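Visitor: sequence-free structure coming up:
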């Protein structure tokens, strides 16, 4: 009887996980409910009680739980903070960074059979495609039925998602699909062609979202995929097809929607532009550079331990006020880089833990040939250079879930080459 009950809990765990993967790029507001179901199932299951001791005995479980260390530091940051309201709110937003390591480290292993591990990224891809079609349909209605201009671009297209976060989702799906393309190219050409079509579709979405970090990430993925096809697979035709297809896509995009590339040109102008103090109108590139400069000043004053979990927002706003950064103050910008945001909040200690939580798994993934996990870590690291991705749930859940999933099931889903 107990074995049947445990099989039921395992199925609920599996369905909750794939539902999180699917709905994250479709309708993020349902994701907290799915996480709650996963947690309740874990509690009712009860096997975590006897598995807790294994966390201290088994290296793999210990490393899994170690990903909760950054959250624990944020919790410790409440000891020297004054704005407890914002601090507890921030801890609530970041809760997945503690819950997923705890649940996965204390659940029965293997968490997923190999065939199920391989399906989770496909559910995420299905969610990306479904969500993209919904966004395009909504944009078409707004553009042609209600006359709302530019509905197919940037924030008007991404709806309640932030364009940078949605681009990150699509880029991870593109990276995964490239790995599938390389697997299927010599096995089933028809499947490879279908996968190629999905890649191009998601690339179009990244172009339309016009996130500079997203565009940069996509270009790096394309270059890496082309080099992989040429030098690792030694398939010049495939490499040429990838690079040629992408160049045609970019050329068409330039002719049809030059606004996509105007935002990229704006970034170059911002680097050589005049100082932004006393400027009233917002400009994302110049504002980001000014915010980084202000953050650097705060870091110098609170180098070791930061300003504390609850005081980071107040410290940044005070810095904007002191430097007359009116747009940043009006919009209450965060640090626009998770590395800088964490450094301001938790000091050198938090910065090093964040860096280690990305660098050490990446090194291990390279040694073990775990390509998909490495792709995920590189994409996330690129994006948090330019956005504070762990300050809202769209970024927190994406990182917390896929990082733990890929780490714990990497033997099954790494697609070693």
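Guide: Perfect, I can see it now. As the structure is a prediction and not an experimental result, all values here were calculated from the model.
Visitor: now do the SS call for residue 123.
Guide: Remark: residue 123 carries the secondary structure label helix [criterion: DSSP: H, G, I helix; E, B strand; the rest coil].
Visitor: let me redo that: residue 104
Guide: helix.
Visitor: average pLDDT for the top helix by length along the chain?
Guide: With residue count as the measure and DSSP state H as the assignment, the chain has helix 338-368 as its longest helix. Throughout helix 338-368, pLDDT has a mean value of 96.
Visitor: chain center to whichever helix or strand comes after that helix: distance?
Guide: Remark: after helix 338-368, the chain's next helix or strand is helix 371-384, criterion DSSP states H and E. Using Cα atoms, centre = their mean, to the nearest Å, we find the averaged C-alpha position of helix 371-384 to lie 8 Å away from the chain's own average C-alpha position.
Visitor: for the remainder of this discussion, apply numbering that starts at 32.
Guide: OK, 32 is where the count begins now, so the last one is helix 402-415.
Visitor: tell me where the model's unsure across the chain.
Guide: Regions of the chain meeting the criterion pLDDT under 70 cover residues 32, 291, 293-315, 441-448.
Visitor: what's the domain layout of it?
Guide: Following the assignment in automatic domain parsing, the chain carries domains at 32-77, 97-133+305-448, 157-303.
Visitor: possible to save those as JSON lines with mean neighbour count?
Guide: Any C-beta I mention is one placed from the backbone N, CA and C, and that applies to glycine too. Listed next are the domains of the chain as JSON lines, based on neighbours: other Cβ atoms under 10 Å:
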{"stretch": "domain 32-77", "mean neighbour count": "17"}
{"stretch": "domain 97-133+305-448", "mean neighbour count": "19"}
{"stretch": "domain 157-303", "mean neighbour count": "17"}
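Visitor: need those in TSV with distance to residue 139, can you?
Guide: Formatted as TSV, the entries for those read as follows, by distance: least, Cβ to Cβ, whole Å:
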stretch	distance to residue 139
domain 32-77	7
domain 97-133+305-448	12
domain 157-303	27
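Visitor: out of those, which is closest to residue 146?
Guide: Comparing the domains of the chain against residue 146 with Cβ to Cβ, the closest turns out to be domain 97-133+305-448 (8.3 Å).
Visitor: coming back round to it: of all the domains of the chain, which one comes closest to residue 148?
Guide: domain 97-133+305-448 (3.9 Å).
Visitor: centre of the chain to the closest one, how far?
Guide: Mean C-alpha position of domain 97-133+305-448 versus that of the full chain (Cα atoms, centre = their mean) differs by 11 Å.
Visitor: how about stretch 279-294?
Guide: Shown here is stretch 279-294, whose average C-alpha point lies 25 Å from the average C-alpha point of the whole chain (Cα atoms, centre = their mean).
Visitor: now what about that stretch, what contacts it?
Guide: Residues external to stretch 279-294 that are found in contact with it (Cβ atoms under 8 Å, 6 or more residues apart in numbering): 181, 183, 184, 185, 231, 234, 235, 238, 239, 241, 243, 246.
Visitor: without its sequence neighbours, what residue ends up closest to the first one?
Guide: So that's residue 181. Leaving aside its chain neighbours, residue 181 sits nearest to residue 187 (5.7 Å; criterion: Cβ to Cβ, 6 or more residues apart in numbering).
Visitor: that neighbour and residue 172 touch, don't they?
Guide: No: here residue 187 does not reach residue 172: they are 12.0 Å apart, not a contact under Cβ atoms under 8 Å.
Visitor: which SS class is residue 420?
Guide: Remark: residue 420 carries the secondary structure label coil [criterion: three-state DSSP].
Visitor: which ones are touching it?
Guide: 196, 199, 369, 411, 414, 426, 427, 429, 430.
Visitor: likewise for residue 408?
Guide: Applying Cβ under 8 Å, 6+ apart, one finds that residue 408 lies in contact with 389, 392, 393, 396, 434.
Visitor: give me that answer again for 10 Å
Guide: With contacts defined as Cβ atoms under 10 Å, 6 or more residues apart in numbering, residue 408 is in contact with 388-394, 396-397, 401, 430, 433-434, 437-438.
Visitor: same thing with residue 56?
Guide: Counting by Cβ under 10 Å, 6+ apart, residue 56 makes contact with 155-163, 165-166, 192, 196-197, 199-201, 203-204, 425, 429.
Visitor: narrow the residues you listed to those in strands?
Guide: Among those, none falls in strands (DSSP state E).
Visitor: returning to that earlier point: closest one to residue 87 among the domains of the chain?
Guide: domain 97-133+305-448 (11.9 Å).
Visitor: wait, doesn't residue 439 sit right on residue 140?
Guide: Yes: look at residue 439 against residue 140 with Cβ atoms under 10 Å: they come within range, at 7.7 Å.
Visitor: find the residues that touch each one of these two.
Guide: Taking Cβ under 10 Å, 6+ apart as the contact criterion, the residues that touch both residue 439 and residue 140 are 91, 92, 95.
Visitor: could those residues go into TSV alongside secondary structure, neighbour count and distance to residue 117?
Guide: Formatted as TSV, the shared contacts of residue 439 and residue 140 follow (DSSP: H, G, I helix; E, B strand; the rest coil; neighbours: other Cβ atoms under 10 Å; distance: Cβ to Cβ, whole Å):
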residue	secondary structure	neighbour count	distance to residue 117
91	helix	12	36
92	helix	22	33
95	helix	24	30
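Visitor: quick one: contacts of the helix or strand hosting residue 122?
Guide: Secondary structure assignment for residue 122, by DSSP H and E: helix 115-124. Under the criterion Cβ under 10 Å, 6+ apart, residues 102, 105-106, 108-109, 112, 114, 128-129, 339-345, 376, 421-424, 426-428 lie in contact with helix 115-124.
Visitor: then stretch 390-399?
Guide: Contact partners of stretch 390-399, identified using Cβ under 10 Å, 6+ apart, comprise 94, 97-98, 383, 401-409, 412, 434, 437-438, 441-442, 445, 447.
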